[in-house]
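Asker: Here you go, sequence then predicted model.
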Amino acid sequence: MHILDSLPLLRDANRSWIFSLIRAKGSICRADLARQTGLHPSTISRIVSSLMEEGLVRENGEGPNARGRKPIMLSVVKEAIHVVGIAVESTFISAILVNLEAEVIEKLEIKLCDQTMETATKEIYTVIDDLLKRAEDRAVVIYGIGLAMHGIIDNDEGICLFAPARRAEEVPVAKAISEHYQLPVRMDNNANAMALGERWFGNGKGIDNLLAIKVGQSIGSGVILRGQLFSGSHYSAGEIGHVNVLSDGPLCTCGNYGCLESVASIEAVVSKGRLRMKRGEDRELLALTGNDPDALNFEILRNAAELGNSLALHLLSEVGTHLGLALANTMNILDPTAVLIGGEILPVIDLVLPKMREIVTARSFRILKNKVVIEKVGLGQDAVAVGAATLIFEDLFQP
């Protein structure tokens with residue numbers, strides 16, 4: 001199912017084109033629409049009138065003009081269309097209801113009791129039911145559902161091809177949800193979704209060559225090339241988490257050894273902290289766990305780092321080193337304009353970025369040094385969920 005099935009007015013190519021241009025420009029007059037499209041002014045007026053009648057476009061005052069009559073500016077009605085974005089993470093699900101400007105209207109988050117695909121699927125339906133009820137209470141219509149999750153995702157058919165953490169293969173998630181709710185459902189890898197959302201609404205807005213790295217319980221990246229999401233021939237582009245950064249490193253969930261994910265993910269850094277405390281390396285950090293190394297979690301590690309604990313800071317510096325090495329290799333291949341870092345690492349990102357940038361500077365091509373922006377995502381902890389919603393917006397604005 002396509003979102004335009006619920007918006008028949010926009011199934012007309014010219015109407016869809018005009019609607020997309022108005023959204024992209026933010027504010028534009030009829031004369032400029034005619035100039036940019038080559039359509040006759042009378043055609044533009046007729047299309048704009050129909051879009052206004054449907055409540056999709058509004059006039060928002062006069063625009064500047066050096067001489068003559070000032071033009072009436074047009075913009076999309078952000079409240080006209082709402083969609084759901086769902087981020088399925090390793091330990092929790094975050095779901096949001098957003099409008100056309102990706103403003104979060106409703107949000108909910110639930111913890112997952114395990115990482116199985118069965119549990120994740122059950123809770124996906126739970127959050128959708130909840131958001132549909134909230135939308136109904138607000139008298140808001142939901143036009144589509146975007147879904148982002150860990151693993152290799154066939155984003156054409158909405159199939160989870162392989163999710164190692166969930167031990168899942170060939171699961172047609174999107175089709176089942178679409179049939180159940182009779183709504184368009186689009187699905188992609190969570191890092192891909194984050195990259196897309198950042199390009200539309202975050203710190204990557206308008207950047208045609210963009211790399212977004214998501215660091216959490218797993219590590220992945222989304223690649224935007226020439227303004228388009230690049231998934232590769234087998235939907236596995238951007239699997240930076242499985243780049244080898246340590247030849248004698250630990251076993252990874254993918255079956256290889258020394259992958260970035262096995263040494264720089266949230267789980268990996270916490271596991272290293274527990275091991276080092278058991279070796280008696282840091283009594284200060286041990287005290288913060290109640291003298292139980294196995295009680296160490298990411299929140300305790302973050303708090304310790306903020307207090308200046310040497311072991312916590314060292315562990316995060318190691319994360320920056322490993323990320324920097326993998327990023328330098330990736331940058332040398334892709335030559336992005338900007339790199340954005342997001343995911344569960346965000347609360348400590350300011351402690352990771354300096355070492356990461358240092359390694360990138362040392363290891364990347366000379367022509368790239370100090371020319372690629374490396375910063376955190378602009379959408380914060382909602383970056384993946386907003387990106388999931390953006391999968392539906394892509395259908396709407398780029399049919």
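Answerer: In hand now; what should we look at?
Asker: Not counting sequence-adjacent ones, nearest residue to A168?
Answerer: M117 (3.9 Å; Cβ to Cβ, 6 or more residues apart in numbering). All C-beta atoms are positioned from the backbone trio N, CA, C, and that covers glycine.
Asker: since we're on that neighbour, how many residues are nearby?
Answerer: 19 (other Cβ atoms under 10 Å).
Asker: ok, now how distant is it from P172?
Answerer: For M117, the distance to P172 under the criterion Cβ to Cβ, to the nearest Å works out to 12 Å.
Asker: Then N190?
Answerer: As for N190, its distance to P172 is 18 Å (criterion: Cβ to Cβ).
Asker: out of these two, which sits in the busier spot?
Answerer: It is N190, of N190 and P172, that has more neighbours when counted by other Cβ under 10 Å, with 29 against 15.
Asker: got a list of what the residue nearest to A168 touches?
Answerer: Taking Cβ atoms under 8 Å, 6 or more residues apart in numbering as the contact definition, M117 lies against 160, 163, 166-168, 171.
Asker: repeat that for 7 Å
Answerer: With contacts taken as Cβ atoms under 7 Å, 6 or more residues apart in numbering, M117 has the following neighbours: 163, 166, 168, 171.
Asker: Just the pLDDT at the nearest residue to the second one once chain neighbours are set aside, thanks.
Answerer: So that's R166. For R166, the nearest residue in space outside its immediate sequence neighbours is M117; the separation is 4.6 Å by Cβ to Cβ, 6+ apart. Looking at M117, its pLDDT stands at 89.
Asker: helices or strands up against the helix or strand of the chain with the lowest mean pLDDT?
Answerer: Least confident element among the helices and strands of the chain, by mean pLDDT, DSSP states H and E: strand 168-171 (a mean of 88). Helices and strands touching strand 168-171, by 3 or more Cβ pairs under 7 Å, 6 or more residues apart in numbering; DSSP states H and E, are strand 159-163.
Asker: swap the cut-off to 8 Å and go again
Answerer: helix 117-137, strand 159-163 (3 or more Cβ pairs under 8 Å, 6 or more residues apart in numbering; DSSP states H and E).
Asker: List the contacts of the next helix or strand after it.
Answerer: Tracing the chain C-terminally past strand 168-171 and defining elements by DSSP states H and E, one meets helix 173-181 next. Counting by Cβ under 8 Å, 6+ apart, the neighbours of helix 173-181 from elsewhere in the structure are 1, 121, 124-125, 128, 132, 145, 147, 149, 157-160, 183-187.
Asker: Equivalent analysis for stretch 250-269, please.
Answerer: Looking at stretch 250-269 with Cβ under 8 Å, 6+ apart, the contacting residues turn out to be 164-165, 215-219, 240-249, 272, 298, 301, 315-316, 318-319, 322-323, 326, 344-345.
Asker: 7 Å - rerun?
Answerer: For stretch 250-269, contacts defined as Cβ under 7 Å, 6+ apart pick out 164-165, 215-219, 240-249, 298, 315, 319, 322-323, 326, 344-345.
Asker: Next: stretch 370-389.
Answerer: For stretch 370-389, the surrounding residues in contact (Cβ under 7 Å, 6+ apart) are 83-87, 94-96, 98, 102, 104, 146-148, 190, 193-194, 196-198, 201-203, 212, 214, 331, 336-342, 346, 349, 353, 356-357, 360-361.
Asker: which of the residues you listed count as buried?
Answerer: Among the contacts of stretch 370-389, those scoring as buried are 83-87, 94-96, 98, 102, 146-148, 190, 193-194, 196-198, 201-203, 212, 214, 331, 336, 338-342, 346, 349, 353, 356-357, 360 (criterion: 16 or more other Cβ atoms under 10 Å).
Asker: Show me those residues that map onto helices.
Answerer: In helices, judged by DSSP state H, the following of these are found: 190, 193-194, 196-198, 201, 331, 349, 353, 356-357, 360.
Asker: who touches the residue lying closest to V88 once chain neighbours are set aside in this structure?
Answerer: Nearest non-adjacent residue to V88, counting by Cβ to Cβ, 6+ apart: M149, 3.9 Å away. Under the criterion of Cβ under 7 Å, 6+ apart, the contact partners of M149 comprise 88, 160, 163, 190.
Asker: Pick out the most distant pair among those residues.
Answerer: Checking the contacts of M149 against each other with Cβ to Cβ, the farthest-apart pair comes out as C160 and N190, at 11.5 Å.
Asker: give the contact list for the residue nearest the centre of the chain.
Answerer: Centroid check for the chain by Cα atoms, centre = their mean gives M194 as the closest residue, at 1.3 Å. Residues near M194 by Cβ under 7 Å, 6+ apart: 212, 214, 222, 342, 377, 383-384, 387.
Asker: What are the contacting residues of stretch 93-101?
Answerer: 76, 78-87, 104-110, 112, 123-124, 127, 131, 134-135, 382, 385-386, 389.
Asker: Same question for stretch 126-134.
Answerer: Counting contacts by Cβ under 7 Å, 6+ apart, the residues outside stretch 126-134 that touch it are 84, 86, 93, 95, 97, 106, 108, 110, 142, 145, 181.
Asker: Pipe those into TSV and attach pLDDT and distance to V57 per row.
Answerer: Below are those laid out as TSV (pLDDT from 0 to 100; distance: Cβ to Cβ, whole Å):
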residue	pLDDT	distance to V57
V84	98	23
I86	98	28
I93	96	34
A95	98	29
L97	98	22
E106	97	25
L108	96	31
I110	95	37
I142	96	20
I145	98	24
Y181	96	28
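Asker: now the helices for the stretch 201-350 of the chain?
Answerer: For the stretch 201-350 of the chain, the helices identified by DSSP state H, counting those that start in this stretch occupy 260-264, 266-278, 283-288, 298-306, 310-334, 349-363, in order along the chain.
Asker: Now do the buried residues in the longest one.
Answerer: Applying a neighbour-count criterion of 16+ other Cβ under 10 Å, the buried positions in helix 310-334 are 311-331, 334.
Asker: Leaving out the residues flanking it, which one is nearest to P293?
Answerer: Nearest one to P293, counting by Cβ to Cβ, 6+ apart, is M277 at 4.0 Å.
Asker: and that neighbour, what does it touch?
Answerer: If you count contacts by Cβ under 7 Å, 6+ apart, then M277 has 285-286, 293, 296 around it.
Asker: Many thanks, have a good one.
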